[in-house]
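*Asks:* Quick one: sequence plus predicted model below, questions after.
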Amino acid sequence: VQLQASGGGSVQAGGSLRLSCVVSGKIFTISAMNWYRQAPGKQRELVAGITSGGSTNLVDSVKGRFTISRDNAKNAAYLQMNSLKPEDTAVYYCNADLRISPAGRSYNYWGQGTEVTVSS
């Protein structure tokens, strides 16, 4: 199982980016998909999460600016980031809870990070 994150880059404050995370490999079902971020010198924090049914949660600092969505048919999740601020600068990681067989337990997987830099 692999999680491939993409879409990071450098933008000016007020700009937008769209991150994508695609899960590949032997997958039976994916429950939650999440985006975390880690800024230099800070702990990794949960930014947004979405269940298989589409319920979402966002950290307060990004509400009204970020939107998380997913395409279950593509085993993918997306993070649309608008009105970016310098404090959004971080490495963003995708994360998923999934099962690889009907009777198997759920495991948590991480993708590699994609870097987002927002300049003022």
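*Replies:* Cool, got the structure. Remember, it's a predicted structure, so these values are computed and weren't measured experimentally.
*Asks:* Kindly state the pLDDT recorded for the closest residue to G15 other than its chain neighbours?
*Replies:* Counting by CB to CB, 6 or more residues apart in numbering, L84 is the residue found nearest to G15 once chain neighbours are left out, at 5.3 Å. The C-beta positions use only the backbone N, C-alpha and C, and glycine is treated the same way. pLDDT recorded at L84 is 98.
*Asks:* what about L84, how many neighbours?
*Replies:* 22 (other CB atoms under 10 Å).
*Asks:* Now do the contacts for S24.
*Replies:* By CB atoms under 8 Å, 6 or more residues apart in numbering, S24 lies in contact with 1-2, 4, 75.
*Asks:* Narrow these to those in strands?
*Replies:* 2, 4 (DSSP state E).
*Asks:* Looking at neighbours, which among the contacts of S24 is most surrounded?
*Replies:* N75 (20 neighbours).
*Asks:* End to end on stretch 6-25, go ahead and measure it.
*Replies:* 17 Å (CA to CA, to the nearest Å).
*Asks:* swap that for stretch 75-86, please
*Replies:* Stretch 75-86 has an end-to-end distance of 30 Å (criterion: CA to CA).
*Asks:* With stretch 52-67 instead?
*Replies:* 16 Å.
*Asks:* ok, and the closest non-adjacent residue to S10?
*Replies:* T117 (4.4 Å).
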